[in-house]
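> Structure for the following, please:
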Amino acid sequence: MTSSPWILVATGVVVMVVLLAVALGSVRGRSTFPAADPADPLMPLPHMPLIPTAVGATGPSSVSATAPVRPGLSPRSTVLPAAPTPAASTPNPRAVARPVLPPSPPPPVAPPSVVTGRYSVQSAFDGGFIGEVLLVNTARTHRGWTVRAAFPGGRLVTAWVEGAEQGVFRFDDGVFTYRSGFDLAPGQSLPVRFHIERAGTRPASCTVDGAPCAAW
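Numbering: from 1, shown residues only. The predicted model follows:
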């Protein structure tokens, strides 16, 4: 054997190769992962990739394995958010309801005068005429009266009452006014006459106690 040292070297190399093979086999047989604890749901099983999950309104749901998961970003949820409920309309406290005003009543109609008047022309001549308002008391009591007749541009010469106590008359801005000097008895009639110059025989207006004269 002393003459053949290479035999010893070869034998030692073979022994080392066998020992190395045995050591590699024992290392591969060992598990590099800790034993899974069935009571711990967070412990992953060996050789099983983790599947990311998304938490929705109804609970966790799995995300497709093909979707890339980026660090720092959460997986997209497939559950649509609930539509917001419209707020109920509330009345405006500053809005004040305006009351509806009733329509204005028509102006009261003046009652007809109980002393009526009828206008007529007694005589006409060059430059003037004599006019008359015949009064009649239709009431059952004594009544006073006022005659008004408008003659624009005219001039009053005089005025009088036939057969009775005289009253008070005037002529202002073409308007002739005669106020009674006494009250008419029930059913009594009385003519009021006046001399007018430089005016037409037909007056612009004629009233007795505010009521129009008849048939002038």
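
> Give me the residue ranges of this protein where confidence is low.
1-6, 26-97, 108-112, 216 (pLDDT under 70).

> one more time with 90
1-113, 163, 215-216 (pLDDT under 90).

> At which residues are the helices of it located?
5-29 (DSSP state H).

> Now do the strands in it.
53-56, 59-62, 115-125, 128-137, 146-150, 155-161, 168-172, 175-179, 189-197, 205-208, 211-212 (DSSP state E).

> Summarise which helices and strands the longest one is packed against.
Yep, that's strand 115-125 we're talking about. strand 128-137, strand 205-208 (3 or more Cβ pairs under 8 Å, 6 or more residues apart in numbering; DSSP states H and E). All C-beta atoms are positioned from the backbone trio N, CA, C, and that covers glycine.

> Quick check: which of those strands is nearest to residue 103?
Nearest to residue 103, of all the helices and strands packed on strand 115-125, is strand 205-208, at 29.9 Å by Cβ to Cβ.

> returning to what we had before: to residue 105, which of the strands of the chain lies closest?
Closest among these, using Cβ to Cβ: strand 211-212, at 22.2 Å.

> could you say what helices and strands that closest one packs with?
Helices and strands touching strand 211-212, by 3+ Cβ pairs under 8 Å, 6+ apart: there are none.

> Given that strand, what are its sheet partners and their directions?
strand 205-208 (antiparallel) (DSSP bridges).

> With just CA atoms, put the partner strand into PDB.
Written as PDB, here are the backbone C-alpha positions of strand 205-208 (Å, rounded to 0.1, in the frame of the first residue of the first chain):
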ATOM      1  CA  SER A 205    -124.000 120.200 -15.000                       C
ATOM      2  CA  CYS A 206    -127.100 120.600 -12.800                       C
ATOM      3  CA  THR A 207    -127.700 119.000  -9.400                       C
ATOM      4  CA  VAL A 208    -130.000 119.300  -6.400                       C
END
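
> And it, what's buried?
Using 16 or more other Cβ atoms under 10 Å as the test for burial, strand 205-208 gives 206-208.

> hmm, back to that, go through the strands of the chain and name the closest to residue 101.
So among the strands of the chain, strand 211-212 is nearest, using Cβ to Cβ, at 33.1 Å.

> and the strands of the chain as TSV, adding distance to residue 104?
Compiled in TSV, the strands of the chain are given as follows (distance: least, Cβ to Cβ, whole Å):
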stretch	distance to residue 104
strand 53-56	69
strand 59-62	73
strand 115-125	31
strand 128-137	36
strand 146-150	29
strand 155-161	40
strand 168-172	34
strand 175-179	31
strand 189-197	38
strand 205-208	26
strand 211-212	25
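
> Any figure for the gap between residue 9 and residue 15?
11 Å (Cβ to Cβ, to the nearest Å).

> let me redo that: residue 25
Counting by Cβ to Cβ, the gap from residue 25 to residue 15 is 16 Å.

> that older thread, could you save the helices and strands packed on strand 115-125 as CSV and add columns showing distance to residue 144?
Listed next are the helices and strands packed on strand 115-125 as CSV, based on distance: least, Cβ to Cβ, whole Å:
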stretch, distance to residue 144
strand 128-137, 10
strand 205-208, 11
